[in-house]
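> Fold the following for me, if possible:
(one chain, ligands or ions: 1)
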Amino acid sequence: MFEDELAAAEQLSHRGAYREATAARERALAAARTPREQARALILIAHDLPRQGDLQAALRRASEAVALVRQIEGEDSHALLAQALTELCYVYAQFLMGRDALQTGWQALAAARAAREPLLEAWALNRLAVASAAMDQTEQACQDTVQALEIAQSTLSAMTAAGQDVRLLMPQAGSTSASSIASASSASSALSSSSNGDATAGSGLPPTAAAPNPQGQRQSQVRGVIQAQELLLSCLNNLAHFWLQAHAEALRNEDRTAAAEALARAGPYAVRAAELVRHAGNPFLVVVSLSNLVEHLLGNGEITHALALVDEYEAIALREGYGGMALQARAQRALLQLRRDDPARVMQALAGMQALLTHEGPPQLPLRLRRQLSLAMYRVYKARGDYAQALSAHEQLSALERQAARNAMALQTEARLIRQEFEQARARAEHAMQDARRERERAEHAEQEQHKLRRQAAELGRMAHEDALTALNNRRHAEFALPLLLERARQEHQPIALGLLDVDHFKRVNDSFGHGMGDQVLQQVAQLLRRQLRSADLLARVGGEEFMLVFVGVPPPRAQDICERLRQAIAGFSWQDLAPNLSLTVSIGLSAGEPPSRVDLLVETADQALYAAKHNGRDRVQFMAS
Ligand SMILES: Nc1nc2c(ncn2[C@@H]2O[C@H](COP(=O)(O)OP(=O)(O)OP(=O)(O)O)[C@@H](O)[C@H]2O)c(=O)[nH]1
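Below you'll find the model as predicted:
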C-alpha cells in the first residue's frame, strides 16, 4: 500500500500532476508503518508543496520530516537527513528567510556528504544556491549551482557510459494520459508560483527517497536517469533564472552594463534548458524552461522568436491547466508587443497589461512579473509623453513595492509562528520521550536490583545448606533433610540406614602435618565419599571430621556392604601422595532397619555404633539395628 502510493505519486509527479501526486503521498504517509516510511513520505510531500503555492504546509511538512529523521538511526539516516534538510532549506528560501535557509542548506550539504551520495549533495548545493539567491548573493548562488550541475552531468555521463540509453529511458511527453491531464487541470490552478523560476518542478526525487524497486534493476536505472536529468534541468533553469533576476534588477537600477552582462550569462543556460526539457516528459518543466528562454529573448530583443515560444508554452499551459503559467504567457506576450513598432499593438499590449494587473486571482500573476509590467508601462507612457498614465503606472509600481515588502514580512511572521509552534511541539515530545526514557531506566534498574537480590538469596540459600570446606551438605541441611527422609521411609514402608563416619585420630593428622593438610585430607575424604556414594539420599559433613550418610530403601546387609566398601576405599587411598607417611582410616557406626519413630533414635543408635567402632579398635564398621 505504502510503496504503491509512492510509486503512483512518482509517476504523477513526473507528468507534472503535482496536486494528485501530493494526495497520493499523503495517503502513503497515512499508511506508513515506520518512522523511516513516514519520513520518506514527508520529504516528498515537502518537495512538491511549494510548487502548489502552499508554503505554510511545506514548512510544516519539511520541519516534521527533519525532526523525525533526526530520531532515525541506521545507515541511510544521513541520506534521509540530507533530503529533509534540503527541502527545509528550499522552503526557507521561498519565505525569503535567507539566513535560516543558508544555515539549513549547509547542514543539508554536510549530511549529504556524510551519506556519500553525489546526487543528494548536488540537490543540497542546488537548494543552497536558491538560499544564496534569496540573500541577493547571485555569484555564490551560481557557483553552487554550477557545482551541482557538474555532479548531475557526470552522473548522467556515467550512466550513459554504463550503456544506458538516456533518451529512451525518459518518459515521453506524449505519454501523458487523458485522465492525468484532467486531474492536473483541476489541480494546477495554484501553480502560479513557478515565478521563482525554479525548474525543480520535476519530482526531483532524491535517490534514496524513491521507493525500493520491486521490478528489478532496470526500473531503478530509469529512476536514476530521470532524477539526474531533472537535477540537470533544475540547475540550468536556476542559473538562467538567477541571471535573469540580476538582469531585471540592473534594468530597474538603469545599470545597462550590468544588465547586458547578466543577460549574456543567462542566455546559454536558458537555451540549453529549453533544448533538454523537450525530452523530459514533464509539461510543467517545459513551460518553466520556455518562459525563462522567452525572458532572455525579450531582453535581447529577439521578439519574433520569443513570441513563437510564448504561443507554444501558453498552449501547453492551457492544455495542462497550469493557470498561473498561462497568465504569465499573456504578460510576457504583452511585454514583447510593447517592443514592436506597431502602435496599435502597443496600445493593445498596454490594455492587456492593465487587465492583468487588475485581474483578481487566483491564479494571480507573480509579484515579480507584475512589477515588471508596471515598470514597462511606466516607461512606455513616459516616452509617449502620456504623463497622467505614466504617473498612474508609477503609483501602481510603488504600491507593488510596498505590497512586496508587506508580503515578505507577513510570510516571515507566518513562518516564525509555524516554527515556534513546531518547536514547542518538539520540546513537548522531547520531554515526553525523556520521561519515558527515565521511567524505562528506573524499571530496568529495579529489575536488575531484583535479579541481584534473587541471586544473592539463592546464594545465601545454598550457603546455608553447604559446607564451605568440602562443598558437601552441612549439619543444618542434615537436620532439615533427615526428618523428611525418615517420614518418607515410614510412609513407603522402606528400611532406612544412617551411618556416622568419623576419621580416626584426626587430631594427629593436624598435629603432624598441620591444619592445612588436615583440611586437604577432609576434602579428599569428602571426594571419596561422594564418588562411592552416588545413590545416597543424604551425604553431609556434620562435624569437624564426622560425616553422615543416609539411605532409604536399602536393607541393613546392603548398607553394611556399602559402609565396608567406603571404609576400604578410604583406608586404601594413597594418602602418601598428599604427605609422606600419611595414612588414614575411618570408623563407621551404622544404624539400619525399620524406620524408628523419631529421628534422634536413629542418630543415637548410629552414634552408639560409632562409639563401639572406636572402642573396638577403629578402622571398622559397627552395625546396630535401629
Ligand atoms: N584441619 C581440620 N581439623 C579439624 C576440623 N574440624 C575439626 N578438626 C580437628 O579434628 C580433631 C578431632 O579430634 P578428636 O575429636 O580428638 O578425635 P580424633 O583425633 O579424630 O580421634 P578419634 O575420633 O577418637 O579417632 C580436632 O583436633 C579438631 O581440631 C577442620 O575443619 N579442619
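
> all contacts plus neighbour counts: C-alpha atoms, from now on.
Fine.

> burial measure for the closest residue to residue 278 other than its chain neighbours, as a count.
What sits nearest to residue 278 in space, not counting adjacent residues and going by CA to CA, 6 or more residues apart in numbering, is residue 286, at 6.5 Å. The local packing of residue 286 (other CA atoms under 10 Å) involves 27 other residues.

> Now do the contacts for residue 286.
For residue 286, the contact set (CA atoms under 8 Å, 6 or more residues apart in numbering) comprises 274, 277-278, 313.

> filter those to the buried ones?
274, 277-278, 313 (16 or more other CA atoms under 10 Å).

> What strand or helix carries the closest residue to the ligand within the stretch 351-500 of the chain?
In the stretch 351-500 of the chain, no residue comes nearer to the ligand than residue 469, which is 7.1 Å away by CA to the nearest ligand atom. Residue 469 is part of no helix or strand, with elements assigned from DSSP states H and E.

> how much space between it and residue 10?
77 Å (CA to CA, to the nearest Å).

> Show me which of the two is the more surrounded one.
Taking other CA under 10 Å, residue 469 and residue 10 do not tie; residue 10 has more neighbours (26 against 13).

> any chance you could map the helices in the stretch 201-350 of the chain?
216-252, 256-277, 283-300, 303-320, 323-338, 343-358 (DSSP state H, counting those that start in this stretch).

> for those, which one sits closest to the ligand?
helix 216-252 (77.7 Å).

> Flag every buried residue along the closest one.
Per 16+ other CA under 10 Å, helix 216-252 contains these buried residues: 220-248, 250-251.

> do the same with stretch 415-432
415, 418, 422.

> Let me have those in JSON lines, extended by pLDDT and secondary structure.
Output for the buried residues of stretch 415-432, formatted as JSON lines (pLDDT from 0 to 100; DSSP: H, G, I helix; E, B strand; the rest coil):
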{"residue": "415", "pLDDT": "84", "secondary structure": "helix"}
{"residue": "418", "pLDDT": "83", "secondary structure": "helix"}
{"residue": "422", "pLDDT": "79", "secondary structure": "helix"}
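
> Report the entries of these that also contact the ligand.
Applying CA under 6 Å from any ligand atom, the subset of those adjacent to the ligand is empty.

> From those residues, pick the one nearest residue 261.
For the buried residues of stretch 415-432, the residue nearest residue 261 by CA to CA is residue 415; the value is 35.3 Å.

> doesn't residue 60 make contact with that closest one?
No: using CA atoms under 8 Å, residue 415 makes no contact with residue 60, being 9.1 Å away.

> Now render the helices of the stretch 201-350 of the chain as JSON lines, adding distance to the ligand and mean pLDDT.
Output for the helices of the stretch 201-350 of the chain, formatted as JSON lines (distance: least, CA to the nearest ligand atom, whole Å; pLDDT from 0 to 100):
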{"stretch": "helix 216-252", "distance to the ligand": "78", "mean pLDDT": "84"}
{"stretch": "helix 256-277", "distance to the ligand": "97", "mean pLDDT": "94"}
{"stretch": "helix 283-300", "distance to the ligand": "96", "mean pLDDT": "93"}
{"stretch": "helix 303-320", "distance to the ligand": "101", "mean pLDDT": "94"}
{"stretch": "helix 323-338", "distance to the ligand": "101", "mean pLDDT": "89"}
{"stretch": "helix 343-358", "distance to the ligand": "110", "mean pLDDT": "87"}
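
> closest to residue 429 out of those?
Of these, nearest to residue 429 by CA to CA is helix 216-252, at 35.1 Å.

> tell me the angle of the closest one relative to helix 256-277?
Relative orientation of helix 216-252 versus helix 256-277 (axes from the mean of the first three to the mean of the last three CA atoms, to 10 degrees): 160 degrees.

> Which neighbouring elements make contact with helix 216-252?
In terms of contacts (3 or more CA pairs under 8 Å, 6 or more residues apart in numbering; DSSP states H and E), helix 216-252 is packed against helix 118-134, helix 138-161, helix 166-169, helix 256-277, helix 283-300.

> Repeat the analysis, applying 6 Å as the threshold.
Using 3 or more CA pairs under 6 Å, 6 or more residues apart in numbering; DSSP states H and E as the contact test, the elements touching helix 216-252 are helix 138-161, helix 256-277.

> what about the spatially closest residue to residue 126 that is not a sequence neighbour, neighbour count?
In this structure, residue 126 finds its nearest non-sequential neighbour in residue 145, 5.2 Å apart by CA to CA, 6+ apart. Neighbourhood size, residue 145 [other CA under 10 Å]: 27.

> list the contacts for residue 145?
Going by CA atoms under 6 Å, 6 or more residues apart in numbering, residue 145 touches 126, 129, 235.

> Where does the prediction get shaky in the stretch 1-150 of the chain?
Across the stretch 1-150 of the chain, not a single residue meets the criterion (pLDDT under 70).

> any chance you could map the helices in it?
All helices of the stretch 1-150 of the chain, identified by DSSP H, counting those that start in this stretch, fall at 2-14, 18-31, 35-48, 55-70, 77-94, 98-115, 118-134, 138-161.

> Secondary structure class of residue 548, three-state.
Following DSSP: H, G, I helix; E, B strand; the rest coil, the label given to residue 548 is strand.

> Tell me what it is bridged to.
residue 500, residue 540 (DSSP bridges).

> Now do the same contact list for it.
Residue 548 makes contact with 499-500, 539-540 under the criterion CA under 6 Å, 6+ apart.

> can the helices of the stretch 1-150 of the chain go into CSV with extra columns for distance to the ligand?
Supplementary listing: the helices of the stretch 1-150 of the chain in CSV, determined by distance: least, CA to the nearest ligand atom, whole Å:
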stretch, distance to the ligand
helix 2-14, 75
helix 18-31, 74
helix 35-48, 66
helix 55-70, 65
helix 77-94, 66
helix 98-115, 69
helix 118-134, 77
helix 138-161, 84
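
> As JSON lines, these with distance to residue 326 would be great.
Shown next, in JSON lines, are the helices of the stretch 1-150 of the chain (distance: least, CA to CA, whole Å):
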{"stretch": "helix 2-14", "distance to residue 326": "20"}
{"stretch": "helix 18-31", "distance to residue 326": "17"}
{"stretch": "helix 35-48", "distance to residue 326": "20"}
{"stretch": "helix 55-70", "distance to residue 326": "21"}
{"stretch": "helix 77-94", "distance to residue 326": "22"}
{"stretch": "helix 98-115", "distance to residue 326": "29"}
{"stretch": "helix 118-134", "distance to residue 326": "24"}
{"stretch": "helix 138-161", "distance to residue 326": "28"}
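
> which stretch among the ones you listed comes nearest residue 397?
Nearest to residue 397, of the helices of the stretch 1-150 of the chain and by CA to CA, is helix 118-134 at 21.2 Å.

> tell me the angle the closest one makes with helix 138-161.
Using the same axes, to 10 degrees: helix 118-134 against helix 138-161 is 160 degrees.

> quick one: the residue nearest the centre of the chain and residue 147, what's the gap?
In the chain, the centroid-proximal residue (CA atoms, centre = their mean) is residue 72; its distance is 2.3 Å. According to CA to CA, residue 72 and residue 147 sit 29 Å apart.

> Could you do residue 238 as well?
Taken as CA to CA, the span from residue 238 to residue 147 is 13 Å.

> Roughly how far does the closest residue to residue 141 other than its chain neighbours sit from residue 284?
Spatial nearest neighbour of residue 141, excluding adjacent residues (CA to CA, 6+ apart): residue 129 at 4.0 Å. Applying CA to CA, the value for residue 129 to residue 284 is 22 Å.

> give me the element residue 543 is part of.
Assigned by DSSP H and E, residue 543 belongs to no helix or strand.
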